[in-house]
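Participant: quick check, what structure comes out for this input:
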Amino acid sequence: MYNPYQLDHSKPTHKDYIDTTDFDQSEMLDMIKLSTTVRDYIKSGKTLNTLYHKNLAMIFEQKSTRTRVSFEVAMEQLGGHALNLAPGSIQLGAHETIGDTAQVLARMCDLIMARVNHHESVLELAARSSVPVINGMSDWNHPTQELGDIITIFDHLPEGKPLDKVKVVFVGDCTQVCGSLMMITSKMGMEFVQYAPPAKWLSDEYLKIGRANNQRYGGSVHVSDNPAVLEGADFIYTDIWYGLYDKETPKEVYMREFYPKYQVNAEMLAATGNEHVKFMHCLPANRGEEVTDDVLDGPHSIAWDQAENRLTAQRGLVLYFGGVAEETLDEIKKQKED
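Facilitator: Numbering: from 1, shown residues only. The predicted structure follows:
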């Protein structure tokens, strides 16, 4: 029987949250359960202080809206505090090594979150920090988005449909969001498809991870430029085509490659043959390019639920890797019983 107050893992099996490949399905399900139980409790008007006097250092090498706001609000709601270390405001990798920065922050803070340009940076931070490090996005993956996305998918699963029959189609470039979505959906045993031009398919390195998940958990991973793969999709997901990094391929090149075939519009949703198909976008969106207004703002869109679930995920992550997951669930259970 499902027990929202009981986790299979009382403590993380890894100190840091760098990549979901470090955790098996049961531990990821624990993070989902913790996140959603806390979400429902806070939405009922209750408060928690299990991170009282705890501090989260947030390192940003890139601008951020959802990641910064969700972590700041999460820490505030749980009784803690978040420090925004904005791009260029600290010595990371400039006059001070990443390793030295990690050691200094670990002496002053209880958790570190880092959004970095290069995955090697967050790996070094984690290796040299004595406190948990959470990967807020790198050029390899986006595991905080990943957790929020799978929570959103679980919130909107087709009623009665087993996970191995759920089909998620990512439309567009092989961004780190695409790779992360593939990793988490395949870990849950779902069917994942990337629909994109062949030059923009996920690399063999990503696909190897997905297919290893298929061997262990079921499901499937495919890449294709054939629009027939849209048929039967339960979720259609897209991301912006360009502009994630300073040194980007020009917009015009991406538009020639992706537009109009890979724009998510009403015709694409209709091509799924599923009147209940859901649309997802990690945001920000370039309206009129990868998605039309009528889809993003329409009845199939769960993009705003998805954005809100970034906060759901961050609360779960800071509690779990902050070492107070059990304490938090015990407190919620106690309050519910009183």
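Participant: and the helices in this structure?
Facilitator: Counting by DSSP state H, the chain has helices at residues 25-43, 66-77, 98-108, 119-128, 143-155, 176-187, 204-217, 251-258, 266-271, 293-296, 303-321, 325-337.
Participant: how many residues are close by residue 99?
Facilitator: 14 (other C-beta atoms under 10 Å). All C-beta spots, glycine's among them, are computed from the backbone N, C-alpha and C.
Participant: for it, which non-adjacent residue is spatially closest?
Facilitator: Counting by C-beta to C-beta, 6 or more residues apart in numbering, residue 99 lies nearest to residue 128, which is 3.9 Å off, once chain neighbours are set aside.
Participant: and the closest residue to residue 262 other than its chain neighbours, what's its pLDDT?
Facilitator: Once flanking residues are discounted, residue 262 sits nearest to residue 171: 5.4 Å by C-beta to C-beta, 6+ apart. For residue 171, the model assigns a pLDDT of 98.
Participant: wait, residue 171 touches residue 264, no?
Facilitator: Yes. Contact criterion C-beta atoms under 8 Å: residue 171 and residue 264 qualify, at 5.7 Å.
Participant: please enumerate the shared neighbours of the two.
Facilitator: Shared contacts of residue 171 and residue 264 (C-beta atoms under 8 Å, 6 or more residues apart in numbering): 236, 238, 290.
Participant: between these, which is closest to residue 16?
Facilitator: Using C-beta to C-beta, residue 238 is the member of the shared contacts of residue 171 and residue 264 that lies nearest residue 16, at 29.5 Å.
Participant: so what's the closest one bridging to?
Facilitator: Using DSSP bridges, the beta-bridge partners of residue 238 come out as residue 171, residue 281.
Participant: tell me how many other residues crowd it.
Facilitator: Around residue 238 there are 30 residues (other C-beta under 10 Å).
Participant: next one: it from residue 76, what distance?
Facilitator: 31 Å (C-beta to C-beta, to the nearest Å).
Participant: for residue 232, same thing?
Facilitator: 42 Å.
Participant: please apply the same query to residue 268.
Facilitator: Residue 268 is 39 Å from residue 76, where distance means C-beta to C-beta.
Participant: surely residue 291 and residue 262 touch.
Facilitator: No. Residue 291 lies out of contact with residue 262 (C-beta under 8 Å); the separation is 10.2 Å.
Participant: looking at those two, which is more packed in?
Facilitator: More neighbours surround residue 291 than the other of residue 291 and residue 262, with 26 against 22 (other C-beta under 10 Å).
Participant: can you pull the contacts of the more buried one?
Facilitator: By C-beta under 8 Å, 6+ apart, residue 291 lies in contact with 238, 263-265, 279, 281, 285.
Participant: find the nearest non-adjacent residue to it, please.
Facilitator: Once flanking residues are discounted, residue 291 sits nearest to residue 264: 4.5 Å by C-beta to C-beta, 6+ apart.
Participant: pretty sure that neighbour contacts residue 169?
Facilitator: No. With contact defined as C-beta under 8 Å, residue 264 does not reach residue 169; the gap is 9.8 Å.
Participant: my read: residue 111 touches residue 320, true?
Facilitator: No. Using C-beta under 8 Å, residue 111 makes no contact with residue 320, being 10.6 Å away.
Participant: neighbour count: those two, which is higher?
Facilitator: The neighbour comparison of residue 111 against residue 320 (other C-beta under 10 Å) goes to residue 111, with 28 against 24.
Participant: quickly list what the residue lying closest to the more buried one once chain neighbours are set aside is bridged to.
Facilitator: Nearest residue to residue 111, sequence neighbours excluded (C-beta to C-beta, 6+ apart): residue 56, at 4.6 Å. As for beta bridges, residue 56 partners with residue 82, residue 111 under DSSP bridges.
Participant: is residue 56 in contact with residue 114, as I believe?
Facilitator: No. Counting by C-beta under 8 Å, residue 56 stays clear of residue 114, with 10.9 Å between them.
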